[in-house]
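Engineer: got a predicted structure here, sequence first:
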Amino acid sequence: MSAGRCKASIDFSPKPKIQTPLVSRDTASLITKRFLRNIKPSYGSSGEMRRFVTEKARRVLSSYLLSSSRSQPSSSSLLPPVALYSTAAAMASKLNPPVTVETLNPKVLKCEYAVRGKIVTHAQRLQEELQTQPGSHPFDEILYCNIGNPQSLGQQPITFFREVLALADHPTLLDKSETAALFSSDSIQRAWEILDGIPGRATGAYSHSQGVKGLRDAIAAGIAARDGFPSNADDIFLTDGASPAVHMMMQLLLRTEKDGILCPIPQYPLYSASIALHGGSLVPYYLDEATGWGLETSELKKQLEEARSKGTTVRALVIINPGNPTGQVLAEENQRQIVEFCKNEGLVLLADEVYQENIYVDDKSFNSFKKIARSMGYGEEDLAVVSFQSVSKGYYGECGKRGGYMEITGFSADVREQIYKVASVNLCSNISGQILASLVMNPPKVGDESYESYMAEKDGILESLARRAKALEDAFNSMEGVTCNRAEGAMYLFPRIHLPRKAIDAATATNNAPDAFYCQRLLEATGIVVVPGSGFGQVPGTWHFRCTILPQEDKIPAIISRFKAFHESFMSEFSN
Ligand SMILES: Cc1ncc(COP(=O)(O)O)c(C=O)c1O
């Protein structure tokens, strides 16, 4: 229906009877009747319009009934019409607010996201206090080690990526003579190629629901070059970061709470949150801290069978590789076992591969699950694999650009049609994020003008991250009662803290989880923000925190010395 045809001739203007400044109850009744008479939908056959009109009438009528329901005439029955309506509306909202926490969707209430939880809110408050009352705390800045948001802590964007983005977003620059002096030749060429693939070169227009085809071609070529196996642009769905892609898969897979998803514990809380929001059940499997957060297929099997015995239909297995919050990188042999397990058990393999570029040890490398499956001889018909990738992580860290994609393989044509339909409901992901995703998967090559500077920026960031990870890992391991596994990849360390009984009792007395108590005391003493392990899940009775490796390198020594001093005093305060 066009906007023009949708017009209804509803006359909301006061009629002669209500031009008097004060109205009695009788007059109010007349107002309502008159209002109802004046409703003349010009497009009578439209159900939508009828609903709109009826709703308006219902609201006016109920405001009148509310004002007239009092047994004694009161001053409000002699109010001007507008005041009469608004008094009734205010009363109505007091008596019967349209939304309360109790009437919200319980799935929303169930959902939690610790990375931006209580400790962070507390840190923001302390930061404001530092600004308004300098010297009010024993530190002069808040050091955010709670979230994998590299550029918020000073990491610089990759020049080539930003050059292409700037040119694509403001194409008139491409016609200016100064541009050749300001931008690298390959960024100019890439911007032209990208714009040529966008209908009308309009980066401000909606794209295909899966994303611009030319950009998906570039991503598919990047995946094929990475894996040595073909990739198809039709399998790529560009999304506003990996998070919406994960939500989309949960929405597709979870029908009722009897549907479960196997998730690692500890896990990145996007998974527990999206499973809760979409009304399914999280089936936990534990990573083994003693073996460097190892993933045993015997544990997968045990948890799967237990869930099935309780009537849960387990639909998929989530693997985060490299791991968040645990930072481990899976060995190839382990990945093969996982592929075999999913194939045999008929599970969709949801492979979160957003940290594929973040590997800091020589004895490990990244292998996509699709590559592992193909190298085992398994094709589309054997196994469904979804790979999530993001522009937020890696050496690029472009979290705010909201770019990412999922590559879906092993789904039938009619299922793919449904996935496409769900993607279409969101129209498309943002175009800058789409462009960035294509650049990340298809960066400058040897011989391109930007290649050397690009490689220098990339290596500089990754080498620095590796040094930061090692310095923090060593520092944590040097503290009494703290053990920390090797940071092989991703952006985090997840040390275990063996807390004294007195600290656990003090936490319980204040209604806190012991690790949340520790993190809060750390924040109040040092300004360092880390996330309690309880936000990610952990073996019951063990306590951890997650600390990012992202503060700039010159801040790391101060973080370490403040952390150590705090820890010593905490342990002596609560020593048994
Ligand atoms: C394992 C993992 N997956 C997915 C995401 C979501 O990232 P984004 O939505 O920014 O792409 C994150 C963010 O921290 C993450 O750590």
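Structural biologist: Nice, thanks for sending it over.

Engineer: contacting residues for the residue in the stretch 201-350 of the chain that the ligand sits nearest to?
Structural biologist: Taking Cβ to the nearest ligand atom as the measure, the stretch 201-350 of the chain has G241 as its residue closest to the ligand, at 2.8 Å. Quick note: C-beta positions are derived from backbone N, CA and C, even for glycine. Neighbour list for G241: S390, V391, S392, C399, R402, G403, G404, G433 [criterion: Cβ atoms under 8 Å, 6 or more residues apart in numbering].

Engineer: let's go with 10 Å and repeat that
Structural biologist: 354, 388, 390-393, 398-405, 429-430, 433, 437 (Cβ atoms under 10 Å, 6 or more residues apart in numbering).

Engineer: list phi and psi for it.
Structural biologist: With angles defined as degrees, to the nearest 10, G241 sits at phi 90, psi 170.

Engineer: low pLDDT regions in the stretch 151-300 of the chain?
Structural biologist: Scanning the stretch 151-300 of the chain for pLDDT under 70 picks out nothing.

Engineer: before we move on, back to that, how close does the residue of the stretch 201-350 of the chain closest to the ligand sit to K370?
Structural biologist: Here G241 is placed at a distance of 20 Å from K370 (Cβ to Cβ, to the nearest Å).

Engineer: in space, what's closest to the residue nearest the centre of the chain - neighbours in sequence excluded?
Structural biologist: Note on the chain: the residue nearest the mean C-alpha position is S243, at 4.2 Å, using Cα atoms, centre = their mean. Among residues not flanking S243 along the chain, L270 sits closest, at 5.7 Å (Cβ to Cβ, 6 or more residues apart in numbering).

Engineer: pretty sure that neighbour is touching N324, no?
Structural biologist: Yes. Between L270 and N324 there is a contact under Cβ atoms under 10 Å: 9.2 Å.

Engineer: more crowded one of the two?
Structural biologist: Ranked by neighbour count (other Cβ atoms under 10 Å), L270 and N324 place N324 first, with 29 against 20.

Engineer: that one against G535, yeah?
Structural biologist: No. Using Cβ under 10 Å, N324 is not in contact with G535; the gap is 11.9 Å.

Engineer: and for the two, which residues touch both?
Structural biologist: V115, P266, Q267, Y268, P269, R546.

Engineer: so who does the closest residue to the fourth one other than its chain neighbours touch?
Structural biologist: So that's Y268. Nearest residue to Y268, sequence neighbours excluded (Cβ to Cβ, 6+ apart): N324, at 4.4 Å. Under the criterion of Cβ under 10 Å, 6+ apart, the contact list for N324 reads 115, 148, 264, 266-270, 352, 354-355, 358, 393, 489-492, 494, 536, 546, 548.

Engineer: also within reach of the ligand: list those from those residues.
Structural biologist: G148, Y268, L270, D352, V354 (Cβ under 6 Å from any ligand atom).

Engineer: from those, which land in strands?
Structural biologist: D352 (DSSP state E).

Engineer: follow-up on the earlier one: how far away is the residue of the stretch 201-350 of the chain closest to the ligand from G404?
Structural biologist: In terms of Cβ to Cβ, G241 sits 5 Å off from G404.

Engineer: which residue ranges of the stretch 251-400 of the chain form strands?
Structural biologist: 259-265, 281-286, 313-320, 348-352, 385-390 (DSSP state E, counting those that start in this stretch).

Engineer: parallel or antiparallel, which strands does the second one pair with?
Structural biologist: Okay, so that is strand 281-286. In the sheet, strand 281-286 lines up against strand 259-265 (parallel) (DSSP bridges).
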